[in-house]
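S.K.: return atomic coordinates for the entry below.
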Amino acid sequence: MSKILRKYGLRILVSTFIYLFFRITSGSLQYDLNCSTATWPVLLPFTIFVVLIVWEVCDRVIIYFARQYPQDLSSKRRLAVIFAMVTLATFPLVTGFIYFENYQIKTWLNCIKDLEGEFWADLMQGYVVTWLVISVEILKVYYQNVKNMEIEQARMQKELMRTQYESLKNQVNPHFLFNNFSVLTALIYQDADLASDFVTKLSKLYRYILDNKENEMVSLEKEFEFLDSYLFLLKTRHEESLHVEKKVNINPADFYVPTLSLQMLIENAVKHNNFSREKPLVITIYNENDQFIVVQNGLNRKAGITHSTRIGLENIKNRYTLKSDKKVMVYQSEQYFKVKLPILPSLSLSQ
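M.R.: Model prediction:
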């Protein structure tokens, strides 16, 4: 309630200032005072009423556009459209009110010297005031939007740092190390060459994580190189129980994705599904033109997992909002789970 009172109290003060300013600058105030009929008790409330109505219409139009295009209010083109639409909505009102003031109220009060001349002078003044009000309101929307974007950017940066930390932590947690060291121990006695390859891939995996933990985006080429090491470890552990097919016909060096995003999707597929040599988990990675990289896996959920928290997916979505307005798409049926990640050309990241 106090916020509303402050809002309209300020507008009434502005309306009073507008009335006094234009009556003084036009020389009409002295004429009003000398007029046999007291005009200000009528004209001042009328001016306040007109300004409040015009201001409210201005607000309503701007609010409409803000709700329709919440992500586009910092665009100069969008602001120009809003300015034009608010002008079209308010100028007919201003014209009508000023016509009524001059040809009805002032005539009735018998305090007008040049009817036509004062009408056009008041009309021009009314248009100027209206444009000032529109400009102020649009600037308020613009700076509020910029402020909100900065707040959201800061929040997303914090979320990104948390995501990067979680990704790193998940890779070096004791469970992950235990599984891989157990496999490595067995390989040392069974296949020394494979054990050597396993250590090489494991070291590459951790080197990639450490080298890119500060990077928001990496090239698809680098992500695939990292994924090869990660899949080598998984395939060594699960052998024929896991099949990963990669069908990509674009140059991966030209496109970017969030760091560790593909690994996270594959990790989730392995974590949430049952699979065996007889019923292997099939994961397919492919591109849809130069728009998306798609990770699709069959569904055979583990008992006790009725639904996923999708924290990993939310992290990936949040990281995309820092760099692009493109959206991550998720599809699920009884047979498969599919995630489409937008792939971003390097040019868009530099803008």
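
S.K.: only C-alpha atoms for contact and neighbour calcs from this point on.
M.R.: Fine.

S.K.: check the secondary structure at Val330 for me.
M.R.: Of the three states, Val330 takes strand under DSSP: H, G, I helix; E, B strand; the rest coil.

S.K.: give me the pLDDT value at it.
M.R.: pLDDT for Val330: 92.

S.K.: Lys338 is in contact with that one, correct?
M.R.: Yes: Val330 lies in contact with Lys338 (C-alpha atoms under 8 Å); the separation is 5.9 Å.

S.K.: which of these two has more neighbours?
M.R.: More neighbours surround Lys338 than the other of Val330 and Lys338, with 20 against 14 (other C-alpha atoms under 10 Å).

S.K.: that one contacts Leu299, doesn't it?
M.R.: No: with contacts counted by C-alpha under 8 Å, Lys338 stays clear of Leu299, the gap being 10.0 Å.

S.K.: mind listing what Phe46 touches?
M.R.: Counting by C-alpha atoms under 8 Å, 6 or more residues apart in numbering, Phe46 makes contact with nothing.

S.K.: let me see the mean pLDDT of stretch 336-351.
M.R.: The pLDDT scores in stretch 336-351 average 78.

S.K.: scratch that, stretch 253-272
M.R.: Here the average pLDDT along stretch 253-272 is 88.

S.K.: show me where the chain has helices.
M.R.: Remark: helices assigned in the chain by DSSP state H are 2-25, 28-34, 40-68, 76-100, 107-109, 115-172, 174-190, 192-212, 220-238, 261-272, 311-321, 346-349.

S.K.: which positions in the third one come out as buried?
M.R.: Spelled out, that is helix 40-68. Buried residues in helix 40-68, counting neighbours by 16 or more other C-alpha atoms under 10 Å, are found at 43-44, 46-48, 50-52, 54-55, 57-59, 61-62, 65-66.

S.K.: repeat for the fourth one
M.R.: Taking 16+ other C-alpha under 10 Å as the basis for neighbour counts, the residues of helix 76-100 that come out buried are 79, 82-83, 86-87, 90-91, 94-95, 97-99.

S.K.: of all these, which comes closest to Thr107?
M.R.: Taking C-alpha to C-alpha as the measure, Tyr99 is the one of the buried residues of helix 76-100 closest to Thr107, at 11.0 Å.

S.K.: what's the local residue count around the closest residue to Glu278 other than its chain neighbours?
M.R.: Nearest non-adjacent residue to Glu278, counting by C-alpha to C-alpha, 6 or more residues apart in numbering: Ser241, 7.4 Å away. Residue neighbour count, defined by other C-alpha under 10 Å, stands at 17 for Ser241.

S.K.: quick one: contacts for Ser241?
M.R.: Under the criterion of C-alpha under 8 Å, 6+ apart, the neighbours of Ser241 are 275-281.

S.K.: residues in contact with the nearest residue to Lys317 once chain neighbours are set aside?
M.R.: The shortest distance from Lys317 to any non-neighbouring residue, by C-alpha to C-alpha, 6+ apart, is to Val328 (6.0 Å). Val328 sits next to 317, 320, 339-342 when contact means C-alpha under 8 Å, 6+ apart.

S.K.: run the last query once more with 10 Å
M.R.: By C-alpha atoms under 10 Å, 6 or more residues apart in numbering, the residues touching Val328 are 292, 313-314, 316-318, 320-321, 339-342.

S.K.: could those go into CSV alongside distance to Ser15 and neighbour count?
M.R.: Listed next are the contacts of Val328 as CSV, based on distance: C-alpha to C-alpha, whole Å; neighbours: other C-alpha atoms under 10 Å:
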residue, distance to Ser15, neighbour count
Phe292, 55, 20
Leu313, 52, 19
Glu314, 49, 13
Ile316, 50, 23
Lys317, 47, 18
Asn318, 45, 19
Tyr320, 46, 24
Thr321, 42, 15
Val339, 56, 20
Lys340, 55, 20
Leu341, 53, 25
Pro342, 51, 24
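
S.K.: of these, which is the nearest to Asn145?
M.R.: Nearest to Asn145 out of those is Thr321 (C-alpha to C-alpha; 15.7 Å).

S.K.: separation between that closest one and Phe97?
M.R.: 46 Å (C-alpha to C-alpha, to the nearest Å).

S.K.: go on, Ile18?
M.R.: The span separating Ile18 from Phe97 equals 15 Å under the rule C-alpha to C-alpha.

S.K.: hang on, isn't Asn300 packed against Asn273?
M.R.: Yes: between Asn300 and Asn273 there is a contact under C-alpha atoms under 10 Å: 5.1 Å.
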